[in-house]
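Trainee: below are the sequence and a predicted model for it; my questions follow.
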Amino acid sequence: MDLRLYDTLTKDKRVFAPIDPSKVRMYVCGPTVYDFAHIGNARPAIVFDILFRLLRHRYGEAHVTYVRNITDVDDKINDRALRDFPHLPLNEAIRKVTEKTEAQFHADVDALGCLRPTVEPRATDFVLPRADGKTDMVTLIGQLIERGHAYVAEGEVLFDTQSMPDYGKLSGRRLDEQQAGARIAVDAHKKHPGDFVLWKGSSDNEPGWDSPWGRGRPGWHIECSAMAAAYLGTTFDIHGGGLDLIFPHHENEIAQSRCAHDTAVMANYWMHNGFLQVEGEKMSKSLGNFVTIRELLESKRFGGRNWSGAVLRFAMVKTHYRSPIDWTVDALDESSKRLTRFRQTVEKFGARAGGDVAPAFLERLADDMNTPAAIAELDGLNRRANEASDQDAARQLAASLSLLGISPDMEQRAPGNELFDDNIRQLIGSRTAARANKDFKESDRIRDVLLAMGVVLKDGKDTDGKPVTTWEIAR
RNA sequence: GGCCACGUGGCGGAGUGGUUACGCAACGGUCUGCAAAACCGUGUACUCCGGUUCAAUUCCGGACGUGGCCUCCA
């Protein structure tokens, strides 16, 4: 069965053919580490994690390289550093901000069930030429100047967009059209208003590196060109990111990379996840609907309860990755219910992941990651398992969920208390014993105790007819 | 103003030129010490107007609506 992927550049869905199946290569634009990641940031992390898992499943774990950068040089980071650590030297303050934020980001996406990428390079490690000879930004910029694709003007190095005949192909923007729009800053030193900065000078309270063009820092797009080449080579398989990055970020990455390396393409498939709204409105701090991953996991700010990483992940993948998502309490509620049903079936049959993924499920996923259709197959498996006590269906359900990055125990973790789980299991054990003795008074007492803890019990039977009790957090 | 998506039942959300998506909610039932859950069954749909076609929710054109990008942004 073929894997088919939608390519933003060619606007079509086609069979994925890696350049080298023994070394499938994917680059995804990662976070700028200046503040807590919001739920919108979680989307590309989850979407491309699923693609990563799918590729590993097809080509083998050792044959897929997933690079996701960490942007740790950015004006927002500078601002945050000056605000939060005014007494520290700038570099130290910046390091404090980026290290803390990076740790937060990792904790958040870990909780969402995302695997760590193969490599997570930090931009600041790729500004200057490196001892290991991996591609760096200064060298890349030098190559662009040499090849006549960039020029120096007023202390900046600018990319000469007119030097690239098909600039704008990804976003469908032509240079002459852009002149019409008044939004692009017209600077006298630019040859064309669409030209963008590769290198800019730094003042004393901005981070800077010594370069052939003076002390300065890289522009917004060059870091990804450098790090992608450093780990994946000049042409690779998949480049991903959010829809909003198509222009200017990815457009400019393509321009830089192709012109510096003189290649026909930078990546063979450009993939973009859709945007997310919150309760029907664009997420913004001014509307007060700005919600971070951490808040969803740990606070009751959204919907009066907190949500497990599995529920957040499920809510994210029950919509196709290219469609917009309206992030609502109702959607999380529904996700929680559906997931609980799957979990109960898996537990009831004692099914463990590691078995075979259901073929129909895999087929849906292979069709440009049609996760909603794939999940519908899980409903079918769930039904088959329960209707006909079909062990195999339950095993396939567990294995398929696992390919989606969802394991049953992710759902069960009670927030903020690691002993919670064990405690509940003990109480359930006592209650099961009481029920076996027909001591229903005691049995009901324990059930009430658990209910007071916010835990609802569900009695069932396993395939041998033995009583099995599962539980979930009360809604 | 330019570019790009999208508009499916009460809600979420796939897909298809003629045949059940799927789930949540609702209603009915089976089962269980009770409750809950689970399982089974039932109903409701394809924004509007033209066109192509034997046949359109599905293709083409238009209208209206929603969202995104064009500036840091997943």
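Mentor: Alright, I've got the coordinates.

Trainee: identify the residue spatially nearest to residue A:156, adjacent ones excluded.
Mentor: Distances taken as Cβ to Cβ, 6 or more residues apart in numbering put residue A:200 closest to residue A:156, at 5.0 Å, once the chain neighbours are dropped. The C-beta positions use only the backbone N, C-alpha and C, and glycine is treated the same way.

Trainee: identify the residues contacting residue A:36.
Mentor: Applying Cβ atoms under 8 Å, 6 or more residues apart in numbering to residue A:36 gives the contacts A:101, A:104, A:108, A:292-294.

Trainee: quick one: which of those is nearest residue A:224?
Mentor: residue A:101 (18.6 Å; Cβ to Cβ).

Trainee: that closest one and RNA strand B, how far apart?
Mentor: Noted for residue A:101: a distance of 12 Å to RNA strand B, by Cβ to the nearest atom of the strand, to the nearest Å.

Trainee: what's the closest non-adjacent residue to that residue?
Mentor: With Cβ to Cβ, 6+ apart, the residue lying closest to residue A:101 is residue A:33, at 3.8 Å.

Trainee: so what's the residue count around the one you found?
Mentor: Residue A:33: 24 surrounding residues under other Cβ atoms under 10 Å.

Trainee: against RNA strand B, how distant is it?
Mentor: According to Cβ to the nearest atom of the strand, residue A:33 and RNA strand B sit 10 Å apart.

Trainee: residue A:433 too?
Mentor: From residue A:433 to RNA strand B the distance is 12 Å (Cβ to the nearest atom of the strand).

Trainee: what's the answer for residue A:259, then?
Mentor: Distance of residue A:259 to RNA strand B, given as Cβ to the nearest atom of the strand: 19 Å.

Trainee: for that residue, which three-state class applies?
Mentor: Reduced to three states with DSSP: H, G, I helix; E, B strand; the rest coil, the structure at residue A:259 is helix.

Trainee: which ones are touching it?
Mentor: With the criterion set at Cβ under 8 Å, 6+ apart, residue A:259 makes contact with A:144, A:147, A:149, A:159, A:163-164.

Trainee: not counting sequence-adjacent ones, nearest residue to it?
Mentor: Once flanking residues are discounted, residue A:259 sits nearest to residue A:149: 4.1 Å by Cβ to Cβ, 6+ apart.

Trainee: ditto for residue A:9
Mentor: Nearest residue to residue A:9, sequence neighbours excluded (Cβ to Cβ, 6+ apart): residue A:270, at 4.7 Å.

Trainee: could you check how far residue A:16 is from residue A:233?
Mentor: Per Cβ to Cβ, to the nearest Å, residue A:16 is found 18 Å from residue A:233.

Trainee: of the two, who's got more company?
Mentor: residue A:16 (21 against 15).

Trainee: ok, the more buried one touching residue A:1?
Mentor: No: contact criterion Cβ atoms under 8 Å: residue A:16 and residue A:1 do not qualify, at 11.5 Å.

Trainee: where does residue A:216 land in three-state SS?
Mentor: At residue A:216 the chain is in strand, as set by three-state DSSP.

Trainee: count of residues packed around it?
Mentor: Around residue A:216 there are 24 other residues, counting by other Cβ under 10 Å.
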